[in-house]
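> only geometry, no sequence info:
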């Protein structure tokens, strides 16, 4: 059944290839494509194991990573979401990201496994370090951890974590993880966590170099912290001015820190609509060059914006993947 579906899906419209070839110049080899899995299970009756098949499609088509999102619990005050209208009701299911990525890791071999983003301060740092290390070992070094602070007080209340102190807890959590991924035994003495002579094994396959990307507002203070422990930035907005200004700040911080590498910038394209107000993949892909010129070197695309049925998923992924095959 799957083979027949794939054969039907392989009949991609010629205009898709023509569009890509005529509108997108040859991209730098370092550009990465990230497949956002959010919401696609709804085309399979809510079956979350559909992420296996979709991730395999992405791997086949040359996507660099798949990404999954995070909420531990949801409260009723969705109007406090700081980035517009929250897309789902409070009762919508949210699957634990590292568990989902473990499932995907067991059915793929090459594609990277990303969180976008994981609300790090909701997790105990030792348990987070151990879970991450386990997944990175299972996947043979394919995990890429996108982390952020979270915005919903109810999640912190439920977890017994201070919402007001979440920034301090966030940075201590990541400092502890980095230490536990590097050496043993370690000791740590901070405002919120204190311990001596702790071993935490196994360590990640990637060790302390496990990629950490930060979904934070880009301030000089945040940039300096990221430059010490992280690898890049996930802009929350698609505005090119926003991306460009943030990239300048984090680039400066990497230079001051003496880093030889450049920060990774992973973000979304603006979703464009046609004359009927319907999201359009062709129009959206036209924004690629402009967003890359503004600073993106990793592009995360959410097919949920463009598909109408399960049969559309492979077609949409195929269209997107063409940008790497020119």
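Received it, and whenever you're ready, just let me know what you need. The model shown is predicted, which means the values in this text are computed figures rather than measured ones. Numbering: from 1, shown residues only.
> below-threshold pLDDT in the chain: ranges please.
For the chain, applying pLDDT under 70 flags the ranges 1-30, 325-326.
> show me where it has its strands.
Using DSSP state E, the strands of the chain run over 32-36, 65-68, 112-115, 118-119, 143-148, 186-189, 194-198, 212-214, 232-233, 264-268, 298-301.
> which one of the ones you listed lies closest to residue 278?
strand 298-301 (16.6 Å; C-beta to C-beta). Glycine gets a C-beta too; all of them are placed from N, C-alpha and C.
> counting contacts, what elements does that closest one pack onto?
Contacting strand 298-301 under the criterion 3 or more C-beta pairs under 8 Å, 6 or more residues apart in numbering; DSSP states H and E are the following elements: strand 32-36, strand 264-268, helix 288-294.
> nearest to residue 121, of these?
Comparing the helices and strands packed on strand 298-301 under C-beta to C-beta, the one sitting nearest is strand 264-268, at 20.8 Å.
> report the angle between the axes of that closest one and strand 32-36?
Taking axes from the mean of the first three to the mean of the last three C-alpha atoms, to 10 degrees, one finds strand 264-268 and strand 32-36 inclined to each other by 40 degrees.
> which strands or helices does strand 264-268 pack on?
Contacts defined by 3+ C-beta pairs under 8 Å, 6+ apart place strand 264-268 against strand 32-36, strand 232-233, helix 240-256, strand 298-301.
> 7 Å instead?
Judged by 3 or more C-beta pairs under 7 Å, 6 or more residues apart in numbering; DSSP states H and E, strand 264-268 is in contact with strand 232-233, helix 240-256, strand 298-301.
> pull the residues that contact the last one.
The contact list for strand 298-301 (C-beta atoms under 7 Å, 6 or more residues apart in numbering) reads 32-36, 67, 116, 264-269, 288, 320.
> give the partner strands of that strand in its sheet and their orientations.
The partner list of strand 298-301 in its sheet, established with DSSP bridges, is strand 32-36 (parallel), strand 264-268 (parallel).
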